[in-house]
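**Student:** Just a sequence and a predicted model for now, questions to come.
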Amino acid sequence: MLYQRVMRVIRGIIVDQELKPGDQIPTEKQLSQMTGASIITVRRAVSVLVQRGVLTKQQGRGTFVTSPRVVATVGRPGSLRHALESDPTFHQVSTRLLKFEKGPCNEKEAQFLSLQTSAAVWRVSRLRTIDGIPSIIDNAVIPVVLAPTLTKEVLKKGASLADFLEHELGLTEYREDQYLYVTMPTQ
């Protein structure tokens, strides 16, 4: 959709110009001229970015970059994708597998997972795109002993990792620990 393209342009301006919280973005008229989109389309894109906490509008002053924020239900078991898709401000959520590898866990992972140091784990890294905009990198560490049949092919098909663990392996989450690291994106 056109407004999503305008959203990508705005996010690109923020990244390329290294805008910080409090910095002003171009006016709606300037964005319209830059993108060839109508003012109505630009307003929709800005409105969605305001809803998501990327921008803030100040009456009579303009539109500004906000401080990054994360809204999450910490410790809520289940699929991150399902949680994102249930958010009414997001229209389309997609997942792309970035990394899938097997290796020994480090000391911190061993402590959190109650494993011996160097026990084999799967490391899964996925990019979550919301309305066409790269938004979240999701990293998971899963003990191989719990999911020996997990494969790259299963994850490349877009299968939910939580659903695979539950339905294929009978592993039901009773608790989930989430660690959020918020960083501004770069190219």
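**Tutor:** Thanks, I have it.
**Student:** in what helix or strand does residue 134 lie?
**Tutor:** Assigned by DSSP states H and E, residue 134 belongs to strand 133-143.
**Student:** In that strand, which residues are buried?
**Tutor:** 133, 135-136, 138, 140-143 (16 or more other Cβ atoms under 10 Å). All C-beta atoms are positioned from the backbone trio N, CA, C, and that covers glycine.
**Student:** Likewise for stretch 23-36?
**Tutor:** Neighbour-count burial for stretch 23-36 flags 25-26, 28, 31-32, 35 (criterion: 16+ other Cβ under 10 Å).
**Student:** Return the subset of these lying in helices.
**Tutor:** 28, 31-32, 35 (DSSP state H).
**Student:** so where's this structure shaky on pLDDT?
**Tutor:** Under the criterion pLDDT under 70, the flagged ranges of the chain are 68-91, 158-159, 173-187.
**Student:** 80 - rerun?
**Tutor:** Residue ranges of the chain with pLDDT under 80: 67-94, 130-133, 135, 156-160, 163, 171-187.
**Student:** domains of it?
**Tutor:** 2-65, 80-168 (automatic domain parsing).
**Student:** picking that back up, what's the strand holding residue 134 packed up against?
**Tutor:** helix 2-16, helix 80-85, helix 107-113, strand 120-130 (3 or more Cβ pairs under 8 Å, 6 or more residues apart in numbering; DSSP states H and E).
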